[in-house]
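Enquirer: Pasting a predicted model and its sequence here:
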Amino acid sequence: MPSLGWGGTRNRRDRTSHYLKDEQVRSLVEAALYAGAIGLPFNRHTIIHLGKLGIDDADAAKAIGRYLKLMRERIVRGGGRTAFLWVRENGDSGIGTHVHILWHLPESQSLGSATRRWANHIARIGYQKGAVRTRRIAGRVDGVGMAPRLYRLNLANVLRYVLKGATQSVAREWGLARYRPGGCVQGKRCGWSENIGVAARERAPDYVRLGRLALKEWLLARDVAVDAQ
């Protein structure tokens, strides 16, 4: 099974950033595309309000790593595989430090209260109501296979939302209409599982890296009818 470790640059508490860079946006879009190509399409969007769990921004990246480890282990125990990407934000409107995670849950598995248990495991003050929210991408379990056009629209829409914390110029370049400052983040700002990272893609014999225009067209879902149902 491919390693699902800490993709992207290493985490450092003394490093701060205020936005996603152009290359980070590109890498996240490529990772999302590749997840689908290897049969692990993102079908869940989880938001964790780390501040509600008593986790400081300086410790957020480490806590996210523990949460993802618990998630991966649970899926593997059930005989499945997963892939994921994540993006941190630190809002100044009462939201505080939080993370968006797009990930693959095998259709043969169900969540139950698993996300709450994982959150409780990383919490400093115990689980708090509303700290974790998980939604299906496309709103249905079989959205990827049974309604592929609707799924494509929804995945692109969710990904654009997750990428909204880019700089204004990068947001404009990628057509991110929901641009919003992502706030100051300590440590690593985004990442992905190693099985959809740059090295994994480059090792794949049939992988062809798409140009910026093709990636932008995919992200804006211009190859899918707007009225897809």
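Expert: Yes, it's here.
Enquirer: What is the biggest helix by length in the chain packed up against?
Expert: Longest helix in the chain by number of residues, with DSSP state H as the criterion: helix 57-77. Applying 3 or more Cβ pairs under 8 Å, 6 or more residues apart in numbering; DSSP states H and E, one finds that helix 57-77 contacts strand 84-91, strand 96-103, helix 114-122, strand 185-186. (C-beta placed from N, C-alpha, C; glycine too.)
Enquirer: So for it, mean pLDDT?
Expert: For helix 57-77, mean pLDDT is 96.
Enquirer: quick one: buried residues of that helix?
Expert: Applying a neighbour-count criterion of 16 or more other Cβ atoms under 10 Å, one finds 57, 59-61, 63-65, 67-72, 74-75 buried in helix 57-77.
Enquirer: Quick check, Asp68 in contact with Ala83.
Expert: Just so we're on the same page, residue 68 is Leu rather than Asp. No - between Leu68 and Ala83 there is no contact, the gap being 10.9 Å when judged by Cβ atoms under 8 Å.
Enquirer: any chance of the helices and strands packed on helix 57-77 in a markdown table, with mean pLDDT, distance to Ser193 and mean neighbour count too?
Expert: Listed next are the helices and strands packed on helix 57-77 as a markdown table, based on pLDDT from 0 to 100; distance: least, Cβ to Cβ, whole Å; neighbours: other Cβ atoms under 10 Å:
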| stretch | mean pLDDT | distance to Ser193 | mean neighbour count |
| --- | --- | --- | --- |
| strand 84-91 | 94 | 5 | 24 |
| strand 96-103 | 95 | 8 | 23 |
| helix 114-122 | 93 | 16 | 18 |
| strand 185-186 | 94 | 20 | 23 |
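Enquirer: Select, out of those, the one closest to Pro148.
Expert: Distance to Pro148, taken as Cβ to Cβ, is lowest for strand 96-103 among these, at 17.2 Å.
Enquirer: all helices of this protein, in order?
Expert: For the chain, the helices defined by DSSP H cover 22-37, 57-77, 114-122, 143-146, 148-162, 168-174, 198-203, 212-219.
Enquirer: what about the longest one, distance to the chain center?
Expert: A distance of 13 Å separates the centroid of the chain from that of helix 57-77, by Cα atoms, centre = their mean, to the nearest Å.
Enquirer: Let the chain start at 32 from now.
Expert: Understood, numbering begins at 32; the last thing we discussed is helix 88-108.
Enquirer: picking that back up, distance to Glu54 for the helices and strands packed on helix 88-108 - can I get that in TSV?
Expert: Below are the helices and strands packed on helix 88-108 laid out as TSV (distance: least, Cβ to Cβ, whole Å):
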stretch	distance to Glu54
strand 115-122	14
strand 127-134	19
helix 145-153	29
strand 216-217	17
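Enquirer: So which of these is nearest Gln159?
Expert: Nearest to Gln159 among the helices and strands packed on helix 88-108 is helix 145-153 (8.9 Å), distances taken as Cβ to Cβ.
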